[in-house]
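**Q** Sharing a sequence plus its predicted fold:
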Amino acid sequence: MSEGYEDKEWVVKGPHASMVITHPVELLEEKILSLLKSHREMRLSQIWLKCNCHLWEVSQALKRLKEKGLIEERAP
């Protein structure tokens, strides 16, 4: 059996266990609102690190909160 290029380079061929888990968007919205209440302003990367989830999940939750008028985005 021959060894492929991916095997030599240690490329992950499937998802990491932590990437299979997703979080309910409602819980992320609550967590984000709580973070913003205590920190007032945060960058996306700061929110993402605190939420311990996929970046797309944080982005989705932020979009929903913005559409509801609960948060606003400001230029740095």
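**A** Done, it's in. Remember, it's a predicted structure, so these values are computed and weren't measured experimentally. Numbering: from 1, shown residues only.

**Q** gap between P24 and C51?
**A** Distance of P24 to C51, computed by Cβ to Cβ, to the nearest Å: 12 Å. Backbone N, C-alpha and C define where each C-beta goes, glycine included.

**Q** Could you check which of these two is surrounded by more residues?
**A** Shown here are P24 and C51; by other Cβ atoms under 10 Å, C51 has more neighbours (18 against 10).

**Q** which residues touch the more buried one?
**A** 23, 28, 31-32, 35, 57-58 (Cβ atoms under 8 Å, 6 or more residues apart in numbering).

**Q** That one and H23: what is the separation?
**A** 8 Å.

**Q** list the residues that contact both of those two?
**A** E57.

**Q** hey, which helix is longest across this structure?
**A** If you go by DSSP state H, the chain has its longest helix at helix 25-39.

**Q** confidence score at Y5?
**A** As predicted, Y5 sits at a pLDDT of 44.

**Q** how many neighbours does the closest residue to H23 other than its chain neighbours have?
**A** Nearest-residue entry for H23: C53, 4.8 Å, with adjacent residues in sequence omitted and distances by Cβ to Cβ, 6 or more residues apart in numbering. The tally of other residues near C53 (other Cβ under 10 Å) stands at 18.

**Q** Return the residues in contact with C53.
**A** Contacts of C53 by Cβ under 8 Å, 6+ apart are 22-23, 28.

**Q** filter these to the buried ones?
**A** L28 (16 or more other Cβ atoms under 10 Å).

**Q** export the contacts of C53 to a markdown table and tack on distance to E41?
**A** Formatted as a markdown table, these follow (distance: Cβ to Cβ, whole Å):
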| residue | distance to E41 |
| --- | --- |
| T22 | 27 |
| H23 | 23 |
| L28 | 18 |
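
**Q** Put the alpha carbons of stretch 30-42 into CSV.
**A** The C-alpha coordinates for stretch 30-42 follow below in CSV (Å, rounded to 0.1, in the frame of the first residue of the first chain):
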residue,chain,number,x,y,z
GLU,A,30,-27.0,35.1,25.2
LYS,A,31,-23.3,34.6,25.8
ILE,A,32,-22.4,37.4,23.3
LEU,A,33,-24.8,39.9,24.9
SER,A,34,-23.4,39.0,28.3
LEU,A,35,-19.9,39.6,27.1
LEU,A,36,-20.8,42.9,25.5
LYS,A,37,-22.6,44.1,28.7
SER,A,38,-19.5,43.5,30.7
HIS,A,39,-16.9,44.6,28.2
ARG,A,40,-19.0,47.2,26.2
GLU,A,41,-17.0,46.8,23.0
MET,A,42,-15.2,43.8,21.7
